[in-house]
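Visitor: coords below, sequence missing:
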Ligand SMILES: *[C@@H]1O[C@H](CO)[C@@H](O)[C@H](O)[C@H]1NC(C)=O
């Protein structure tokens, strides 16, 4: 197979590495790791057992190297089955939608989500995971590092595209690396991963809004990707 389960990001050279569903895959990816600034695991992964085993191995190797890891989609399913895989690794960022969030929350807190207290739930999930950064995607995105909860309700439109989550996870890979390099001195003492998450949510929403203005309800995630340059300039380069 050649599904992508792991992507690397530097701003100039984001790559999607095809991870073969062979027992050797982890070793293959390990050769790449010294050149990777961050790893995004989940989009397009699926739940095939061999692929999940490989994803697990890649997470373990990335942790050993201290590489920031973004976990999305079926990567989150893997985590809900085996939280210890990522628990306590504070260079990880999880990006669950509401469904994925509920599954993780119930696995960790042994309680259903309290729908009258979304902020508290996001905070508690982050704490239960050992204060790694959690981004609950939704009409407004809720972000927590176990200490604070930040809300991103920037722009956007009523329309969410399939694939929009991939754009968030990918841009988060880049911004997490940047923020991590910059360190807390350059993020006003804020947790760099919290700042990166807010930035990536804002960027994704800005892309959504710009594409929607041009194309209305026919916009797709590719149309959003086409807006990244302009959106980035508008948000971060003024
Ligand atoms: C997580 O953060 C909270 C709030 O800052 C703190 O009380 C707690 O000790 C932290 N837990 C870990 C595992 O770092």
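Guide: Right, received. Where do you want to start? These numbers were taken from a predicted model, which means no experiment stands behind them.
Visitor: ok, and what's touching stretch 147-159?
Guide: 119, 122-123, 131, 139-144, 191, 194, 197-198, 201-202, 205-206, 208-209, 212, 217, 219 (CB atoms under 8 Å, 6 or more residues apart in numbering). From N, CA and C alone the C-beta is placed, and that goes for glycine too.
Visitor: and those residues, which are buried?
Guide: Buried by 16 or more other CB atoms under 10 Å: 122-123, 131, 141-144, 191, 194, 197-198, 201-202, 205-206, 208-209, 212, 219, out of the contacts of stretch 147-159.
Visitor: so is the longest helix seen in the chain next to the ligand?
Guide: Using DSSP state H to define each element, the chain has its longest helix at helix 192-215. No: judged by CB under 6 Å from any ligand atom, helix 192-215 stays clear of the ligand, getting no closer than 11.8 Å.
Visitor: just the mean pLDDT for stretch 119-139, thanks.
Guide: The pLDDT scores in stretch 119-139 average 97.
Visitor: run the chain-centre distance for that stretch.
Guide: In terms of CA atoms, centre = their mean, to the nearest Å, the centre of stretch 119-139 is set 13 Å apart from its chain centre.
Visitor: how about the contacts made by residue 224?
Guide: With CB under 8 Å, 6+ apart, residue 224 has these contacts: 161, 163, 164, 167, 204, 207, 208, 211.
Visitor: closest to the ligand out of the residues you listed?
Guide: Taking CB to the nearest ligand atom as the measure, the ligand lies nearest residue 204 of the contacts of residue 224, at 26.4 Å.
Visitor: the closest residue in space to the closest one that isn't next to it in sequence and the ligand: what is the separation?
Guide: Nearest residue to residue 204 in three dimensions, chain neighbours excluded: residue 168, at 4.5 Å (CB to CB, 6 or more residues apart in numbering). According to CB to the nearest ligand atom, to the nearest Å, residue 168 and the ligand sit 24 Å apart.
Visitor: any idea which element residue 168 lies in?
Guide: Taking DSSP states H and E as the criterion, residue 168 maps to helix 164-182.
Visitor: residue 224 now?
Guide: Using DSSP H and E, residue 224 falls within helix 221-225.
Visitor: I'd say residue 123 and residue 145 touch.
Guide: No: between residue 123 and residue 145 there is no contact under CB atoms under 8 Å: 9.1 Å.
Visitor: strands of the chain, start to end?
Guide: Listed in chain order, the strands of the chain (DSSP state E) span 4-8, 15-18, 39-41, 69-71, 92-94, 133-136, 141-144, 149-152.
Visitor: export the ones you listed to CSV and tack on distance to residue 187?
Guide: Putting these into CSV (distance: least, CB to CB, whole Å) gives the following:
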stretch, distance to residue 187
strand 4-8, 23
strand 15-18, 26
strand 39-41, 21
strand 69-71, 18
strand 92-94, 15
strand 133-136, 13
strand 141-144, 14
strand 149-152, 12
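Visitor: need those in a markdown table with distance to the ligand, can you?
Guide: Output for those, formatted as a markdown table (distance: least, CB to the nearest ligand atom, whole Å):
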| stretch | distance to the ligand |
| --- | --- |
| strand 4-8 | 27 |
| strand 15-18 | 31 |
| strand 39-41 | 22 |
| strand 69-71 | 17 |
| strand 92-94 | 13 |
| strand 133-136 | 12 |
| strand 141-144 | 10 |
| strand 149-152 | 11 |
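Visitor: state the pLDDT value of residue 47.
Guide: pLDDT, residue 47: 85.
Visitor: tally up the residues packed near it, please.
Guide: Applying other CB atoms under 10 Å, we find 10 residues neighbouring residue 47.
Visitor: repeat that for residue 158.
Guide: 8.
Visitor: same question for residue 162.
Guide: Residue 162: 8 neighbours (other CB under 10 Å).
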